[in-house]
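Asker: Build me a model from this:
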Amino acid sequence: MKLHWAAAAGEWTEAVPVGNGRLGAMVFGGAGRSRVQVNDATAWSGTSDGPSRALADVLASGAGPERLAQVRSAIFGGDLEQATELLMSFEGPYSQTFLPYVDLWVTLPEGESHGRTLDLSTGVITERLTIDGTEVVRRVWASETALCVEITGAVPLEVELTTPLREVSRDGLFLVVDLPIDSAPKHEPQVDAPVYGSGERGTVSAAVKRTPDRWLLTLTSSTTTESRWSGTRRSNRQTLMDACDVRFGDLPDVIDVPELLSGKDEQLIASVLFAYGRYLLVSSSRPGAPPANLQGIWNAELRPAWSSNYTININTQMNYWAAEVTGLAECHEPLLELLEKLAVTGAEVARSLYGTRGWVAHHNTDAWGWALPVGMGHGAPSWAIWQMGGAWLVQHAWDHYDFARTWSTLERAWPLLRGCAEFCLDWLVEGPDGYLDTCPSTSPENWFLDAAGTPQALSWSATMDVVLIRAVFERTLALALASGRADPLLAEISAALPRLRPVPVFDGRLGEWAADLPEEDPTHRHLSHLVSVYPLGQIVAGTPLGDAAAASMDRRGNGAMGWSWAWKMALRARLGDGETVRSLLSEASQAFTGDRHRDAPFDGSEWGGLLPNLFSTHPPFQIDGNYGFTAALAEVVVQSHTGVIDVLPALPSGWSRGSARGLRCRGGLAVDVSWHDGDVLVRVRRLSGEAAEVVPVSISGEVTEVVVNDVVEVRGRISC
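Answerer: Now for the predicted structure:
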């Protein structure tokens with residue numbers, strides 16, 4: 001698939017991204033002086049001892065197990081104001097910032113650009129220019145080790161490096177910069193940022209080679225933080241991109257992006273968004289570097305929205321929903337490495353702050369493994385106080401195992417889930433009716449109204465807490481069974497599981513809190529209580545709880561912003577509602593016509609869409625929407641969370657032909673699907689796990705059981 005923009009970029013949201021997981025660049029194009037804005041995934045503000053120093057400060061302020069007991073007493077006693085005041089003392093400052101790095105300026109004589117074309121398979125941007133009557137071709141890509149710019153044509157060239165960071169020294173095209181020791185997010189305007197001191201450093205080096213009609217420019221980077229990321233790259237970009245492909249309807253050889261954004265061809269938009277999300281994940285998340293953050297690997301601002309960090313109450317998780325199912329397990333590994341860091345830093349937070357075993361994470365983290373609550377003592381508990389960040393994030397370790405079913409993925413997942421289960425066991429307290437409760441508890445970023453009509457965030461056993469803990473417990477037990485482990489913790493888990501609260505239903509809708517509390521905003525952008533449907537798969541379509549989940553979604557409504565649209569698409573696909581998936585896709589893929597430079601309010605009153613470079617926006621730009629679209633569209637084609645390979649479970653009507661190659665299913669399987677006017681052909685291939693396993697395949701509810709040794713075919717019919 002090739003995407004074409006007929007003009008050079010006039011601003012950042014029109015530039016085209018490339019990346020190798022470590023280096024990311026936004027390519028503007030154009031003749032004359034042209035910009036390539038460059039990021040290094042390891043360039044973050046902060047210091048390695050920042051999380052431990054912040055924890056010491058929070059403990060010194062009086063936070064700890066004794067105050068936690070006071071908070072719980074206030075909540076169960078109905079004094080939510082006092083509980084809120086006490087709990088805010090548990091807040092540390094803020095996690096650190098993913099930084100812009102350098103700008104590479106390439107100056108050619110003035111001329112005319114004939115547009116930029118991105119090949120998603122190779123990751124190469126090709127631009128044709130006419131300069132003084134001569135055709136000049138510029139190609140930009142990120143190799144495994146460098147950012148490369150190749151210019152073919154007999155033209156003069158000038159190259160310059162600039163940086164928004166503090167410059168230490170330069171020697172020609174060799175630049176040394178300081179990384180700030182601290183940088184606050186934009187939502188803390190009273191804090192000066194960035195702050196420099198004796199911190200980390202980075203170096204950038206560019207080299208230029210010339211033959212009579214060709215220039216080759218390469219840029220490499222190094223930081224003093226890079227050694228903290230230990231993975232080794234294995235596959236090249238094209239191998240990863242070619243592992244999976246999904247197409248709805250017909251695809252032209254080259255897709256004109258401005259025409260695509262006119263919205264005339266919904267199947268083409270679906271095909272492009274599926275492929276583009278995979279391209280962005282391959283470009284921004286590879287072993288040996290930090291995982292994709294709120295902006296993937298692309299950021300040009302010293303104080304980006306929410307620090308361009310890891311927001312782990314939905315956004316970081318959504319970044320990786322598509323990893324396993326679309327054949328990008330290797331791209332998942334940076335997130336697992338971050339989890340392993342959090343299991344260390346979060347263990348000290350759990351022990352000191354809450355008096356528990358295991359490890360904990362909250363609302364935010366960063367490349368240093370930040371595990372404290374954030375908020376600086378004035379952050380609203382609705383977003384700053386949430387002890388289940390680790391319990392959600394650790395599900396990715398399970399998924400990495402569940403899709404592969406190999407010993408190595410099991411051994412990697414076990415200590416992470418076991419440690420999280422320890423924390424969950426100790427975090428639970430016996431409630432007044434005998435159930436085990438989480439307290440304090442919030443439903444991320446949402447509010448309810450108390451008896452006086454006052455918005456409140458603190459309660460006990462919000463639905464999301466309970467379903468996440470249930471998943472941690474059940475999956476820890478499953479890993480122990482698969483590995484033949486005998487561990488005393490398993491008895492504790494088995495005893496606690498039946499004492500967790502069941503998922504509540506009020507007025508036919510899935511409840512968000514343990515009690516029937518009125519929402520302050522019934523159309524809130526977060527869908528936290530529906531995590532049991534997607535991605536956890538605890539609630540399935542065609543059941544009373546599935547119907548209650550659908551009713552809850554109906555109350556929420558369709559529109560919001562990029563990531564919320566994507567989550568709603570995935571939820572509706574899990575519930576078999578292809579027509580609402582189509583409606584949500586239509587909303588989410590509209591060209592954004594508002595002010596790209598202004599951050600919109602959180603309430604969804606100003607919906608985003610797609611920017612000119614196909615980035616999803618709120619605004620501001622957040623890449624989770626792009627990744628989420630890919631994951632949701634995969635659910636339209638194949639689902640496997642119930643133990644059955646369910647083929648085309650949520651295909652919108654009229655999408656009468658298409659194909660999928662290389663979608664992954666749980667149990668070490670890959671599936672190819674083709675459909676045309678109701679005829680469906682499915683090929684199931686075994687990639688790993690146990691051989692000769694009986695696998696049920698469902699097409700329109702007709703289940704066929706097959707034994708998968710190598711490759712088997714199943715045929716069926718659908719209504720389309």
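Asker: What separation do you get for the residue nearest to the spatial centre of the chain and residue 292?
Answerer: Of all residues in the chain, the one closest to the mean position by C-alpha atoms, centre = their mean is residue 319, 1.5 Å from it. The gap separating residue 319 from residue 292 is 5 Å, by C-beta to C-beta, to the nearest Å. The way it works is simple: take the backbone N, C-alpha and C, and place the C-beta from them, glycine included.
Asker: shared neighbours, those two?
Answerer: Common contacts of residue 319 and residue 292, defined by C-beta atoms under 8 Å, 6 or more residues apart in numbering, comprise 281, 285, 623, 627.
Asker: Looking at these, which are in helices?
Answerer: Members of the shared contacts of residue 319 and residue 292 lying in helices (criterion: DSSP state H): 281, 627.
Asker: could I get the shared contacts of residue 319 and residue 292 as CSV with distance to residue 641 and pLDDT?
Answerer: Below are these laid out as CSV (distance: C-beta to C-beta, whole Å; pLDDT from 0 to 100):
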residue, distance to residue 641, pLDDT
281, 21, 98
285, 23, 97
623, 25, 97
627, 19, 98
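Asker: Closest to residue 685 out of the shared contacts of residue 319 and residue 292?
Answerer: Closest approach to residue 685 among the shared contacts of residue 319 and residue 292 (C-beta to C-beta): residue 281, at 22.3 Å.
Asker: What's the local residue count around the closest residue to residue 693 other than its chain neighbours?
Answerer: Leaving aside its chain neighbours, residue 693 sits nearest to residue 708 (5.9 Å; criterion: C-beta to C-beta, 6 or more residues apart in numbering). Residue 708: 21 surrounding residues under other C-beta atoms under 10 Å.
Asker: For residue 708, give its distance to residue 42.
Answerer: In terms of C-beta to C-beta, residue 708 sits 41 Å off from residue 42.
Asker: same check, this time on residue 445
Answerer: From residue 445 to residue 42 the distance is 29 Å (C-beta to C-beta).
Asker: try residue 423
Answerer: Residue 423 is 29 Å from residue 42, by C-beta to C-beta.
Asker: same check, this time on residue 392
Answerer: 25 Å.
Asker: Confirm for me that residue 576 is in contact with residue 651.
Answerer: No - between residue 576 and residue 651 there is no contact under C-beta atoms under 8 Å: 9.8 Å.
Asker: higher neighbour count, the two?
Answerer: residue 651 (24 against 17).
Asker: Okay, and that one sits in which element?
Answerer: Counting by DSSP states H and E, no helix or strand carries residue 651.
Asker: count of neighbours near the residue lying closest to it once chain neighbours are set aside?
Answerer: Excluding the flanking residues, the one nearest residue 651 by C-beta to C-beta, 6+ apart is residue 578, at 5.2 Å. Using other C-beta under 10 Å, residue 578 has 20 neighbouring residues.
Asker: ok, so what distance separates residue 578 from residue 720?
Answerer: With C-beta to C-beta as the criterion, residue 578 and residue 720 are 10 Å apart.
Asker: so what sits against both of these two?
Answerer: With C-beta under 8 Å, 6+ apart as the test, residue 578 and residue 720 both reach 651, 653.
Asker: pLDDT of stretch 679-698, averaged?
Answerer: Mean per-residue pLDDT for stretch 679-698: 88.
Asker: Mind listing what's buried along that stretch?
Answerer: Buried positions in stretch 679-698, judged by neighbour count with 16 or more other C-beta atoms under 10 Å: 680, 681, 682, 684, 685, 686, 687, 688, 689, 695, 697, 698.
Asker: just stretch 352-363 next, same as before
Answerer: 352, 353, 354, 356, 357, 358, 359, 360, 361, 362, 363.
Asker: which intervals of the chain have sub-threshold pLDDT?
Answerer: 231-233, 604, 690-692 (pLDDT under 70).
Asker: re the thing from before, a markdown table for the buried residues of stretch 352-363, including distance to residue 635 and secondary structure?
Answerer: Converted to a markdown table, these look like this (distance: C-beta to C-beta, whole Å; DSSP: H, G, I helix; E, B strand; the rest coil):
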| residue | distance to residue 635 | secondary structure |
| --- | --- | --- |
| 352 | 40 | helix |
| 353 | 37 | helix |
| 354 | 36 | helix |
| 356 | 35 | coil |
| 357 | 36 | coil |
| 358 | 31 | coil |
| 359 | 30 | coil |
| 360 | 30 | coil |
| 361 | 26 | coil |
| 362 | 29 | coil |
| 363 | 26 | coil |
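Asker: Between those residues, which sits nearest residue 335?
Answerer: With C-beta to C-beta as the yardstick, the closest approach to residue 335 among those comes from residue 361, at 12.5 Å.
Asker: didn't that closest one look like it was pressed against residue 390?
Answerer: Yes - with contact defined as C-beta under 8 Å, residue 361 and residue 390 form a contacting pair (3.8 Å).
Asker: okay, and the common contacts of those two?
Answerer: In contact with both residue 361 and residue 390: 312, 342, 346, 371, using C-beta under 8 Å, 6+ apart.
Asker: Now for those residues: which two are most distant?
Answerer: Most distant of those, by C-beta to C-beta, are 312 and 346, 11.1 Å apart.
Asker: Which one of these two is surrounded by more residues?
Answerer: Comparing residue 312 with residue 346 by other C-beta under 10 Å, the one with more neighbours is residue 346, at 27 against 24.
Asker: And what about the more buried one, helix, strand or coil?
Answerer: Assigned with DSSP: H, G, I helix; E, B strand; the rest coil, residue 346 falls in the helix class.
Asker: Am I right that it is in contact with residue 370?
Answerer: No - look at residue 346 against residue 370 with C-beta under 8 Å: they stay out of range, at 9.3 Å.
Asker: hmm, back to that, wait, which of the shared contacts of residue 361 and residue 390 is closest to residue 408?
Answerer: Distances from residue 408 to the shared contacts of residue 361 and residue 390, taken by C-beta to C-beta, are shortest for residue 342, at 20.5 Å.
Asker: Mind telling me the two of the buried residues of stretch 352-363 farthest from one another?
Answerer: Maximum distance among these (C-beta to C-beta): 21.6 Å, for 357 and 363.
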